[in-house]
Structure formats: C-alpha cells, structure tokens
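**Student:** Sequence first, then the predicted structure, then my questions.
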6 protein chains.
Amino acid sequence: MKIFVVNPNSTASMTETIRLSAVRAAAPGTQIIVATVAGAPASIEGYADEARAVPGTLDAIRLAEAQGAQATVIACFDDPGLSAAREVATGPVIGICQAGIQVAMTIAARFSIVTTLPRSVPIIEDLVDAYGASRQCRSVRSVNLPVLALEEDPETAFARLRTEIRRAINEDGAEAVVLGCAGMAEMCRALQLETGVPVIDGVSAAVKLAEAMVGGGFATAKTGSFAYPRDKSLMAATHP
Amino acid sequence: MKIFVVNPNSTASMTETIRLSAVRAAAPGTQIIVATVAGAPASIEGYADEARAVPGTLDAIRLAEAQGAQATVIACFDDPGLSAAREVATGPVIGICQAGIQVAMTIAARFSIVTTLPRSVPIIEDLVDAYGASRQCRSVRSVNLPVLALEEDPETAFARLRTEIRRAINEDGAEAVVLGCAGMAEMCRALQLETGVPVIDGVSAAVKLAEAMVGGGFATAKTGSFAYPRDKSLMAATHP
Amino acid sequence: MKIFVVNPNSTASMTETIRLSAVRAAAPGTQIIVATVAGAPASIEGYADEARAVPGTLDAIRLAEAQGAQATVIACFDDPGLSAAREVATGPVIGICQAGIQVAMTIAARFSIVTTLPRSVPIIEDLVDAYGASRQCRSVRSVNLPVLALEEDPETAFARLRTEIRRAINEDGAEAVVLGCAGMAEMCRALQLETGVPVIDGVSAAVKLAEAMVGGGFATAKTGSFAYPRDKSLMAATHP
Amino acid sequence: MKIFVVNPNSTASMTETIRLSAVRAAAPGTQIIVATVAGAPASIEGYADEARAVPGTLDAIRLAEAQGAQATVIACFDDPGLSAAREVATGPVIGICQAGIQVAMTIAARFSIVTTLPRSVPIIEDLVDAYGASRQCRSVRSVNLPVLALEEDPETAFARLRTEIRRAINEDGAEAVVLGCAGMAEMCRALQLETGVPVIDGVSAAVKLAEAMVGGGFATAKTGSFAYPRDKSLMAATHP
Amino acid sequence: MKIFVVNPNSTASMTETIRLSAVRAAAPGTQIIVATVAGAPASIEGYADEARAVPGTLDAIRLAEAQGAQATVIACFDDPGLSAAREVATGPVIGICQAGIQVAMTIAARFSIVTTLPRSVPIIEDLVDAYGASRQCRSVRSVNLPVLALEEDPETAFARLRTEIRRAINEDGAEAVVLGCAGMAEMCRALQLETGVPVIDGVSAAVKLAEAMVGGGFATAKTGSFAYPRDKSLMAATHP
Amino acid sequence: MKIFVVNPNSTASMTETIRLSAVRAAAPGTQIIVATVAGAPASIEGYADEARAVPGTLDAIRLAEAQGAQATVIACFDDPGLSAAREVATGPVIGICQAGIQVAMTIAARFSIVTTLPRSVPIIEDLVDAYGASRQCRSVRSVNLPVLALEEDPETAFARLRTEIRRAINEDGAEAVVLGCAGMAEMCRALQLETGVPVIDGVSAAVKLAEAMVGGGFATAKTGSFAYPRDKSLMAATHP
C-alpha cells in the first residue's frame, strides 16, 4: 500500500520529521512517500500561510496519485486544503487534525489540544467544531512558540509542551491530549510517558486511518461536494 | 492481531453474518474472534433491548481480553454500552455506528443513514449528535423492517434499502450512505453498485479502525471517565 | 397516588436516605414506595456501574407497576436507564437529573451542578446537553468524594459541598445549584441556608414532577421510541 | 395553595377558557385565580402584541402576589414576559410553552408543536431553542387561523388541528404533540382520542408544574438575573 | 438621510451622550433625531426594566417614522423590543448589541463584551447566542457598576473598563472588545488607545449600519414574523 | 472613499456585472475599484476552485491597498479566502456571503439562500453556520445551473431563480432571500418585484457594509488571528 504524506510547508527538515513519524506508524506492507511543497511558506502560521500552501499541495497530491499513491495525508494541523484535496484526489484524504480528533474521541470522553502559536488557536477551535468535537474537546492551548522553534530549540519546546499538557489534565480534566502540530511528532512518546495520559500525534493517527481507509476500500464520494473540479484543464494551466 | 467482535444480541445466525463481514474486511494478519451474548434479546430494537444486552456484552469483552483480544468491536448500530465497554476494557473499543460515521465524515461532506425500524431513528439521531456529525448527517431513515427480517426476507430488505438510499441521494443530497444495522453488511457492496454512492457497512469500518487503533498503539485513556470501574469484585459477583 | 422511587444501586442505607427525602417532598395523598436493586453495584460511579444497574432497575419498575405504582422516579443522578425505563413502564418515569435541571431552568437563568467524583462530570455534562440546558448550566463540579463517603463522612462531604457551591456562585455566577447525587438529599436545606441560593435536591424535584405528571394525566407516549419492547417474553426469560 | 393564572391578552372569554382548563387540571387543594390584562391586545399574535401585553401582566402578577398567590402561570404560548415576571415575582413563574415542552420531553423522545398563525412559528421555534428542546422538537406547525378563530369557529379549528397533528405524526415522526395556544385547551382531550398520541395542553401542564414548584418549596432565585428590579418605585410610577 | 436613535430609558442626560456618539459617527448627509422614552425606567438593568421600556419605545418609533425617519437605532445594549420594533416600523431597525456584534465578527475572529452589572450578563449572553456569535464571543464580562454610575463617576468606570478589557485580552484571547452599554460610548476611543485592540461602541456601529441599510434600500420584510401587528387601532388605544 | 471589489475568478465579463452592481449600490462619495484575478478558475464552483483563486486574490488586495483602497469586498458567495484576506489587509474585508447574511438577519426572522450548483450547497451551509445564522436560515437551495450560465442564458436563470425563491417562501416560510452568487446581482430587483419578498444581492450588501466600516473607523484587529502574516517576504517571493 502506497500512502502519500504531504508537508504543505516548504521546510524540508520538517518533512523529514514527519516522514520519520509516518514510517514509524506504518504497517509492514505500507510504503510512505513524502513531499515538501516548494514555494509554500516555511511554516503554516495563520490563514494566509494556509492559502499560500494549498495550490501547491493540490498539485502534489495529483502528482502522487498519478504515481500510484492510494491515500493522502496532509501533514499540517490546520488541515489546509482538506476539502479541496478531497475534490482533486481519487483516494481518501486524511487531515492530521481530523485524524487526531477521531482517535481522541475513540479513547477519551474529554481531551485537549496543545498547539504552537496563540494565533492558531481559533483556527483549530473552528476545526474542532467542524469535526463535531466541541463537546469532547475541553480546550485548545498554545505553548507560544513558532512552528520552527520546535526544531531549533526542542528542549524549550518539550518543557512547555509538558507544562501545558499537565495544565490540560489538571485544569481541563483532559483524559488525553492531541499534539497540535506535525512538528511535535517526535516528542509524542516521551510526553505520554511523563504525563501519564495518552498523547496523540496527528501524523501517526492519520497514517493509521489512511491505511484503514485503503484497506477497507473506502474512497472519497465523487457525486457531490467532492466531485472532481469542473474544469481541470484550467487548474493545470493556472498552476503549472 | 486479535480483534474481538461481539454481537450484543443472542441470534447466532446474525453473529455469523457479522463474522463474515468482519473477516472480509480484516487485514491478512488480523484474527477475528466473535461472540454471541447469550441471554440478550434476539435483536436490539429500542432502549430496553440495549439495556438487557449490555451487561453480558461487558462480560464477554472482559473474557475476550483475558484470552488475548487487543481491541473490541461492538457490532450493533446503537453502539450499546460503548462507554461502559471502554471502562471495562484495556484495549480500544469501537462502536460500528461511530466507526461508520467517522468513515462517512472522511469521504463525504453530507451523508445519510438507513436503519431498520422507525423506533431506532431517534436513538441513532442522538448518536449522530453525540459523535458530532449533526451538520454532516442529512437524515436517519428507516426501511420499516425489524432486524431479523434482514435474514428472513433479504429480497424485500434489499429492495427497500435501495429505495431508501436513492431517496437519501435525491431528497437529502446524500453523497454517501451508512447502513444502520450490523445485519445489513452482506448487502453493502450490491447496494453501492446499484446506487452509485459509497455505501458504508459499520462492521467493516469498525474492524479497519480497530486495526488502526491497535497498530497505532492507541489505547483507551484510563485516568478519567474510562478508568476501570471502582469495584470489580462486585461486578463479577453480580453477573457471574 | 402511588409513586415508585427506585434506588438503582444495592446499598440499602442509601435507599433509606432517598426514601426520607421523597417522603418529605411528597404531597399528603402521595404514597412513596421504594426499592433497592439487589445485585447492582454498591454505588453508581461510571458508565459500567450504570450498565450493571439498569436491567434490575427495569425489572423493579415492572414489578412496581404491577403492584399499582403510577409513576416512577429513578433516584440516581446519572439517570441510568431512563429511556429504557420509559419503554417498559406505562406511567411516566422521572430521572432526578432531568427533574433537577427542569426545576433549575424554571427558577434561575444560570445554575451549576455539584456532584461526587470527577469521573461523573462528563456523564452529567452529557445529560445537561441532552436535556437542553447547556446554555443555562454554567459548570458541573465535583467534590472529589465517592458516593458512599456521603454517608460515611457526612461532615467532610458537607464542608466540601458548601465550598464548591460557593465557588459556583462566585466563579460561575450560578444563581442556583443542583445537587448531583441522590445521597446528598439530606444536606440540601442546610446548604441552601448557608449559601443563600436555591439548592435543588433531585429526589425532591422528581417526586414533585412525578406527582404533577400523574395528576395531569400525562403518560409516556407509546407509539414511537418509548413503545413497549417488542419481545417481552424474552426480557422476562433473560432476567427472571 | 393559591395559583395565579394570568391571560396576557384582553379577551375575557379566552380567560374563561383558560380558567376552565386550569381548574380541571388543579389538585383538590389548589385555588385558581385568573386575570385578564386590561389594555392588552385582544390576542397575542407577534412580538409587538407581546410587548404591549407584558407591563400589564407584570402589574397583575405583583397584585396577585400581594393577595396571596404562591405561583404564577402566564397563559399565552409565547411565554410573553416570562423572565421579567420572574424578576418581579417572589413565587415561581411558569410559562405554558416551557411547561408544555418540559412535559413533552418527559414522555416522548420526539414531539411537535401546533400553533395558530404562521407568524408565531419563528417565535415558538426560538423558545424551543431557548428551552433546550431543539433536538426533541421535530417541528412547529401552524393551522393558519388567528387566535380568536378558535372561539369563533371551533369546528374548523378542531378539524385543522387534527389534520396538522396527524401530519406531525406521519411526516415528523412526532410521538406527542403540544398545543401551541392557550385557547386550544378545551380541544385537547378530543384531539388526543382521535389521533392516538399524547396531546399536551400548556395550561394544564403549567398548573401542574406550578403546584409542584410550590409544593416542593422551589422559589425563584433572587441573587442574579431574577433579582427584583432595582428601582421599584419607578415601575409603580410608570404603570399605575 | 434621517435616522432615529431612541434611548429606551428615561434619563435625558444619557440620551445626550448617545446623541453625541451618534452624531460623531454619522456621515455628512445624515440627520440624527433622538428621543428619550418618558415613563420608562431611569436605566435598563434587567428583564423587567426592558419590559417597562418597550411599549413607549414602539410608540416613539411610530411617531419618528411618521415624521420622516428612515431607519431606527435602539440605543440600549439589551436590544429591548428589537423584534417588536421591526414589526411596527417600516424602515430597518438596528439594535446596538446586534450591530456591535456584526462589526466585531467582521474585524476579529474572537472578541469579548464588557457590560455594567452582572445581572445583565446572562441577558447579553443570550443575545450573543441569538445573533449567532457564540463561537466568536469569548465572554461577557461586567465592571459591576450600575448604568448611571457611568455618568456619575466616569473615572472609576473608565478604570474598571480598562481593567476588564485587558483581562479579556489576556485571559480570553479577545482580539476586539464590544462595549456593552450605550452609556460607555464616550470612553470608546480612549479605551481603544490604551488597550491596543479595537473597542467597538454599539451606538456608532448601529448608526453606520443604519446608514448602510437605508443606502442599500434594505427594508424590513413585511410578509412574515415582522409583518405589521394585526390590530393597530388597539395598539394606539392601549398606549396613547 | 475608495473600496476595492475583487472578483476572485478570471472571467472579466462577470467582473463587469459585479462592478455595475457595486457602483449602483455605492454612496455618492464612494469610488469603486475592481479587479479580476488573472490565473484563477473561470468560475468558483467547489473547494478546489476556491483554493486556486485565493493566492491571487490576496495579492490583488495588497496591491489595491497600496494604491489607496480603504476596504475590500470579496465578490464571490463562497467568501473564498476571507480570513486570509483579513490577515493581509489593513482595512476591513467584507465577504458577500457574510454581508448578505448580516443584512438578512437584520430585516427578517427567517430567510433562505438560492445558489447555482448543488455542489455549492454544503459550502454555503457551512458558511451560514460559521456566521451564526443556522437558526435564521431555513435552507440553501440551488437552481442547478453553473455560474457562467447566469450570463449565457439569463432567461432560464431568471425563471429558475424565481421558482426557487417562491419555493423558499412557500415551503420554508422564508421572509427574505439572499442570492447565492455574485453573478445574480443584476436580477435582484426584478426578482424582488416578482416574488414580493426582499431579495438581497450580496455585492450591494457588502459595498454598503464596507462603506459603513470605513465610515465608522472600524479596522481589522491586528493583534490576534488576523495579525499580518509572520513572513511577508516569503509571501511575495512565492507569488510574484
């Protein structure tokens, strides 16, 4: 099984972090293909960054499917372009935010999310609502660090994540925590060990759900909202 | 990987239908174990049937885990005892309604559910709401046939399901349909072929998600709502 | 008028507490009949305890109705088996959580609930939502004491309840408080006196609403979700 | 026990209909006092009619309490001035819409409401939402007759009500129906007999709940939203 | 363009504050007409005050329209009688709470509201919900001062408003703040300067939206809920 | 006052339709500047079209602001890139869907929306929900015509729009209707005349609200979600 994991930003080192997490999560027969979206912002921090990243992400998905990818994981916690990707793709498309939330709703009655910058909090809150988890998600918290600081200063990042997860446990009554950034994947296990609650990495969750979707033969519905775009030639012309 | 699929009712032929669907969906390395809950109602049609079925279902789950089961699927679309099962189980527990809905929300912007009797409609509507899919789920429809009629008169059942799915497509704008009863699993592929939209069988969906949960190492949170019951000895004494 | 008040757990001393509260609330012409559910857990603390308690509760209701009970009160704040009870019963069935909330919504624009253990908080929050009081209910708080500690150490329980009610007033802006456990009934008046806001005991509220339902001739609807279970003989066979 | 039932409109014959319904519902020891609000519109059909009726209703409530009324029922299905009445009153105040809905939510999983004019539909829908019954209330329907036509042409009114209740049963899956106007009280029993589902008259429901509130000692919270108005002298001066 | 701004309370000095704010906001060609509602409470603090103020407000609107007003602004943050006013008026009617919220939702993803007394908090929270801003509005806060203290002790009022706005920024993550009382209009600019976030005065917002509605030719829908009251003569007779 | 109206698609004739509608709506002192987004899809019909159109739209907005635009209107009913635009812009940004809904909520208690293709229905429904109008918006309907058919076959388009508006009135109880496509602007007045309810063109609504925002000095909040993107140089580099 071939699963495409796209990093919507243009930072190759982050793609490598994501790839490692995806490979670790993948079942024996699963092949993980990754891509960095050239020309996208270096990190996705806000609505405009998302918007700049999506067209290239869609192109990457079409290319990956042409090369045999059976499912796609969008490895940014804002799930940028998720619905658009479902339109252009033939196989199922999994967002790491939606995947992390689906796993959290399966193992906990109440959970929290911890992300990077405060400006991402409303974006993720709105996703929580769109995915129907408002009742189960106690809060979306931030460690007040930019995405790339996760790589540049992992010790500070780890310490702040641990602090914020403990707050989620004690103040929110969170029974599990979802990490709100693809770049946090490597810290997942250690955070779980130190805090004592399940800590969910969206990339791992998405890879497992992608495998489940392909294995179960569940493909994106193509008769309604996610039908292929009406004018494909134009799309190609616009973003060569 | 060992996955336990429990049929909460006491009809063994329905367990066999469920087993076939589960085995068909399972990955090569997955072993499916099934059980029928002796003493439960012959079918689950309403809140009281659910209540009568749950204690035996919990006992069956504990027994299956003692014998090595790594995840549990509750194969009744009312997801009877799902939260209670998450308390008594160590591995993840998947309800076929929640699984079917999670798959539907991943492949379609709008979907409908088709179940057996009208009396089950409000039960399933409330699950849809609890699982956060009220915005995506257009309607819960019924074919007005009791559960066991699916086995006794499969032709009528198939015809009515096809009719109701087509209504969901035309009247609701449903882009995919979830079958609202474990006993409908065998008709799933044919219904998909004849109606042209993805038709989701909850048993298959749940088996794939159970595999994903075990594969990803996602276990039920045990520090909050789903902590083990406080007095296990009593539980054993009560339902020997 | 004959009202049946069932204690879904198996602790007879708690049934007596409930009986006293019910008798105190009852109108002159009302006869209160109580029962303890033998074989149920000693207290209801979580989803599994609920599940273990419900079948016996249903049997007790059918027996009580056969002996002339005109309405039933389920005296556990999780309202375990409420919908199932409405199926098996002919008369109206009142849950003490729903009753407490209905009274609170009639006398206050904003209220809070104080219960025993933290693990019950999400259960009650979901009931608040199901009963449509999410906007009016500020928070569900816990005193972090198990149910039976209310009897074993009433002084600590009282002190913690008073503290938590005061927090609800000051931090939540609660204008009234509902006690989130049948075992708290005896402390209700003293708590109201000391805190200065209406403190609502669910058992009293439920008895009054049960009287109102019987007096008004309001019986459970029997044509839809709450129609009698389809196969009564089986139910009897299963739980003799 | 003394219960005050106020008809917020100025049509005395409608007050008499309401009085009869209230007296029929009242327990033996309950004394029903009624009042018509002089100067109010002849019927309440829309927001402005409500607004015109409320100040006189508040005055009437204060007068009735001064004369010993222990609880108040506002006998118009728009529940005009309900929150304001809770501010000025010492005893509990029951709106017939909220009461009808609370009874419906206790006896049915799904219900509908049938009112008079289409223009009242959004008003009642918003009340349904405010009282937390959006999930249980299938629809608010109208018979397209003005309020006073219930008296002037009761046969047409009865026929249309029966038709609309049957539609609610067949099209909505309503398991019970609430009559959406105080003036429909007299037809309640006959409609229930002919349609086979519980038909709830808000006036009866409110009287029973008022008795329950008084009997249970539940008084309006006076420390928050429903504290007495800050400047009573002004209120008196304004509406002598 | 002639815009009528009605102060629903009877304090003329507050009308003058409102008038100044309205005139400052108005476009060159806009003429602002104001009125104080004689006989209304001195300030609107609670549901009963609202109820007492509405009939006179409706009369004032009808009079103003008869004298050429093309739109109406109700200058009290509880939006008292807004729907009723839309019934009696021909031109559009703007409530300052709804206007402030619409502006806030246009310029910020998350905002908070700061009002006067705690008793107004639930009233405004319910308006936030009715206007569909529950997801965007973080909290409704109060400075715990009566309305008229804004005039009597403006320094204390300003200090408390600044403190509460800063709390909204730091504790709620509010990106903008709406002032929850017409009497706060004069402090708006200074508060914005000192706190660094947009601070929205409802009166200004409403005047601009009123101009927009008139300029765009948007008039109140007159075929449904906001059709003229059915019996106008009665209305006149009741409140001469 | 200079208002920038951007047509996010690449069809210049549609920009002209939009310009005409904007100019007609504008106040005397308002200068309307328009732009077509070169390289965008010919029409916006689905999520992928939106995604392809947004980066160019953001660039256009930045250019227009550099040339003195004080507010921006995004003239596509899906409000593509609205939040991203609020990040990059200094002035307020108005989406025609949000504007149309705000106007509808001001003049009607219940309204419906009529759009082009069925595939846009869920997109608009989700916007309705995000803008908080779910309770007021009865339905989103489609005339089942692609966007460009509005220009190519205006007679068919008009006839179908009239039919669908009448259905909204009769079947939904809609008191007003919002046209769900910028290309429908020219038909707005005629549709209003023929159907008898207010018919709202989003472009006109947005222009009036943009004027109101500029006139009132309401600028986008720049301290939170809508702060400028963190790395502007990258944005420029990516989309030169």
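**Tutor:** The structure has been received and is ready for your questions. Residues are numbered from 1 along each chain as shown, chains lettered A, B, ... in the order given.
**Student:** which residues does the residue nearest to A:Ile74 when sequence neighbours are not counted contact?
**Tutor:** Distances taken as Cβ to Cβ, 6 or more residues apart in numbering or on different chains place A:Gly95 nearest to A:Ile74, at 5.1 Å, with adjacent residues excluded. C-beta: built from backbone N, CA, C; applies to glycine. The contact partners of A:Gly95, by Cβ atoms under 8 Å, 6 or more residues apart in numbering or on different chains, come to A:Val73, A:Ile74, A:Asp79, A:Leu82, A:Ala206.
**Student:** low pLDDT regions in chain A?
**Tutor:** Within chain A, the segments meeting pLDDT under 70 span A:231-240.
**Student:** 50 instead?
**Tutor:** Within chain A, the stretches with pLDDT under 50 are A:232-240.
**Student:** all helices of it, in order?
**Tutor:** A:12-25, A:47-66, A:82-88, A:96-107, A:121-130, A:149-152, A:154-167, A:188-195, A:202-215, A:232-238 (DSSP state H).
**Student:** And the shortest one, how far out from the chain middle?
**Tutor:** The one in question is helix A:149-152. The chain centre lies 18 Å from the centre of helix A:149-152; the measure is Cα atoms, centre = their mean, to the nearest Å.
**Student:** Then the first one?
**Tutor:** In terms of Cα atoms, centre = their mean, the centre of helix A:12-25 is found 12 Å from the chain centre.
**Student:** Just list what that helix packs against, helices and strands only.
**Tutor:** With contacts taken as 3 or more Cβ pairs under 8 Å, 6 or more residues apart in numbering or on different chains; DSSP states H and E, helix A:12-25 sits against strand A:2-7, strand A:31-36, helix A:149-152, helix A:202-215.
**Student:** For it, buried residues please.
**Tutor:** For helix A:12-25, the buried set under the neighbour-count rule, 16 or more other Cβ atoms under 10 Å in any protein chain shown, comprises A:Met14, A:Thr15, A:Thr17, A:Ile18, A:Arg19, A:Ser21, A:Ala22, A:Arg24, A:Ala25.
**Student:** Same check on the shortest one?
**Tutor:** When neighbours are counted by 16+ other Cβ under 10 Å, the buried residues of helix A:149-152 are found to be A:Ala149, A:Leu150, A:Glu151.
**Student:** what's the closest of those residues to chain E?
**Tutor:** Proximity of those to chain E (Cβ to the nearest Cβ) peaks at A:Ala149, which lies at 20.0 Å.
**Student:** so who does that closest one touch?
**Tutor:** Per Cβ under 8 Å, 6+ apart, neighbours of A:Ala149: A:Thr116, A:Thr156, A:Ala157.
**Student:** Taking the centroid of chain A, which residue is nearest it?
**Tutor:** Of all residues in chain A, the one closest to the mean position by Cα atoms, centre = their mean is A:Ile96, 2.5 Å from it.
**Student:** hang on, that one packs against A:Pro80?
**Tutor:** No - contact criterion Cβ atoms under 8 Å: A:Ile96 and A:Pro80 do not qualify, at 10.7 Å.
**Student:** shared neighbours of those two, anything?
**Tutor:** A:Ile74.
**Student:** neighbours around the closest residue to chain E within chain A, how many?
**Tutor:** For chain A, the residue closest to chain E is A:Pro122, as judged by Cβ to the nearest Cβ, at 4.4 Å. By other Cβ atoms under 10 Å in any protein chain shown, 23 other residues sit near A:Pro122.
**Student:** What distance do you get for the residue of chain A found nearest chain B to B:Met105?
**Tutor:** Per Cβ to the nearest Cβ, A:Gly132 is where chain A lies closest to chain B, at 1.8 Å. As judged by Cβ to Cβ, to the nearest Å, A:Gly132 and B:Met105 stand 7 Å apart.
**Student:** and those two? which has more neighbours close in?
**Tutor:** A count of neighbours by other Cβ under 10 Å puts A:Gly132 above the other of A:Gly132 and B:Met105, at 26 against 23.
**Student:** Tell me who's in contact with the residue nearest to that one when sequence neighbours are not counted.
**Tutor:** The shortest distance from A:Gly132 to any non-neighbouring residue, by Cβ to Cβ, 6+ apart, is to B:Gly132 (1.8 Å). B:Gly132 is in contact with A:Met105, A:Tyr131, A:Gly132, A:Ala133, A:Ser134, A:Arg135, A:Gln136, counting by Cβ under 8 Å, 6+ apart.
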